[in-house]
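[1] here's my sequence, what's the structure:
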Amino acid sequence: MSSVGQVIRCKAAVAWEAGKPLVIEEVEVAPPQKDEVRLKILYTSLCHSDVYFWEAKGQNPLFPRILGHEAGGIVESVGEGVTDLQPGDHVLPVFTGECGDCPHCKSEESNMCDLLRVNADRGHMIHDGKTRFSIKGQPIYHFLGTSTFSEYTVVHDGQVAKINPAAPLDKIFLLSCGISTGFGATVNVAKPKKGQSVAIFGLGAVGLAAAEGARLSGASRIIGIDLNPSRFEEAKKFGVTEFVNPKDYDKPIQQVIAEMTNGGVDRSVECAGSIQAMISAFECVHDGWGVAVLVGVPNKDDAFKTSPVNFLTERTLKGAFFGNYKPRTDIPKVIDQYMNKELDLERLEKFLTHSVPFSEINKAFEYMLSGQGLRCMIYMEH
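    Presented below is the predicted three-dimensional model:
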């Protein structure tokens, strides 16, 4: 029997309150409304952003909620007005969107869609201000417009990238968030030249994707900075050549790096989400030409403080959002390049260090909170 137009009952991992284990519940998923699609999720994974909002320490708490935003799946049905997607399409839901009509979407420089840019405080769909998830009549909030910790989810069609059905969904689903974010921050925003030095702050999955971008750009030195020395061995696989642990020094890490590199690195990419790492990433680049790119998500009350002289001496500070990729336009192209071997992302599967069934999703939180591995694939048990 067709599920099109019907409410679907399925399993979802619900966060009922901050910092408490997710609970596998039976939820009702309403049909997609105007400009929406309902997706059958096949693979998802836990990203640091999920943990930030689950802990709700530096963010606005919103519960009960279905988290998750890094995933791959198949279109189950489409709502009114959706013409570019149809049931059966292989897709990646993305936490930001591309409406195609706003000034940002029409700009070649920006991916900050006015309609669908990331909004972590919004727990409902923009069409009607209602949720598509419920349990016995109680609304369950959405997260980043994706909520992939559910067997089925409803997403605005502007947040869905249609991809080559031949692409291995159990690997390329990583491109829906972390890997594109880090890789793109380096190749699209920092843009290191061959032979230059690059510092990467934070050696989680996003940071190592940034390092991979530096390696493919021909960087001569890739310096990894992290407080967890167990990450250093893994980082070598992604091109990192030197390692610095701030705990080993009694002076600012930016000073250490400047001394290591005769005045500073040519490029730096911050992927830690720590305000101090952000400041250090900027202050460690060389005067005259150094470029620092901020990627990590800070706490909402953080303030960036540095001397204006650092700008006057011709250092550049930039931000990167989702690697400067437009979700619907650019991500399918990146996947085609990967499939055609034009883009050397053969190391993609090396980011997947753990795998758990959906019923054991809380193990993924344990792995991340203890600093084990990079990405844990959570596979649905449809």
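[2] can you tell me which helices and strands the helix or strand harbouring E212 packs against?
    In this structure, E212 sits in helix 205-216 according to DSSP states H and E. Helices and strands touching helix 205-216, as assessed by 3 or more C-beta pairs under 8 Å, 6 or more residues apart in numbering; DSSP states H and E, comprise helix 178-184, strand 197-201, strand 221-225, helix 231-235, strand 267-270. Just so you know, the C-beta spots here come from the backbone N, C-alpha and C atoms, and that holds for glycine as well.
[3] wait, a strand at D330?
    No. Going by DSSP: H, G, I helix; E, B strand; the rest coil, the assignment for D330 is helix, not a strand.
[4] excluding chain neighbours, what is closest to it?
    N111 (7.8 Å; C-beta to C-beta, 6 or more residues apart in numbering).
[5] so for P298, what's the pLDDT?
    With respect to pLDDT, P298 scores 86.
[6] secondary structure class for it?
    Taking three-state DSSP as the rule, one finds P298 in the coil state.
[7] how close does it get to N60?
    Distance, P298 to N60, using C-beta to C-beta, to the nearest Å: 14 Å.
[8] tell me the contacts of the residue nearest to Q196 when sequence neighbours are not counted?
    Distances taken as C-beta to C-beta, 6+ apart place D266 nearest to Q196, at 3.8 Å, with adjacent residues excluded. The contact partners of D266, taken as C-beta atoms under 8 Å, 6 or more residues apart in numbering, are 192-193, 196-198, 285-286, 289-291.
[9] go ahead and confirm V4 touches S77.
    Yes. At 4.5 Å, V4 counts as touching S77 under the criterion of C-beta atoms under 8 Å.
[10] now list whatever residues contact both of those two.
    In contact with both V4 and S77: 31, 87, using C-beta under 8 Å, 6+ apart.
[11] before we move on, the earlier item: Serialize the helices and strands packed on helix 205-216 to JSON lines and add fields for distance to R38, mean neighbour count and mean pLDDT.
    As requested, these are exported to JSON lines (distance: least, C-beta to C-beta, whole Å; neighbours: other C-beta atoms under 10 Å; pLDDT from 0 to 100):
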{"stretch": "helix 178-184", "distance to R38": "24", "mean neighbour count": "27", "mean pLDDT": "94"}
{"stretch": "strand 197-201", "distance to R38": "38", "mean neighbour count": "30", "mean pLDDT": "98"}
{"stretch": "strand 221-225", "distance to R38": "41", "mean neighbour count": "25", "mean pLDDT": "98"}
{"stretch": "helix 231-235", "distance to R38": "37", "mean neighbour count": "17", "mean pLDDT": "91"}
{"stretch": "strand 267-270", "distance to R38": "36", "mean neighbour count": "32", "mean pLDDT": "98"}
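[12] to E381, which of these lies closest?
    Among these, the nearest to E381 by C-beta to C-beta is helix 178-184 (23.5 Å).
[13] and the closest one, how far out from the chain's middle?
    7 Å (C-alpha atoms, centre = their mean, to the nearest Å).
[14] contacts for it?
    Under C-beta under 8 Å, 6+ apart, the answer for helix 178-184 is 47, 70, 205-213, 269, 271, 295, 320, 322-325, 331, 334, 345, 348, 351, 375.
[15] what comes up buried for stretch 57-76?
    Across stretch 57-76, burial judged by 16 or more other C-beta atoms under 10 Å covers 59, 62-73, 75-76.
[16] likewise stretch 105-112?
    105, 110-112.
[17] list the contacts for the closest residue to S134 other than its chain neighbours?
    Nearest in space to S134, with sequence neighbours left out and distances taken as C-beta to C-beta, 6+ apart, is E28 at 5.0 Å. By C-beta under 8 Å, 6+ apart, E28 lies in contact with 7-9, 133-135.
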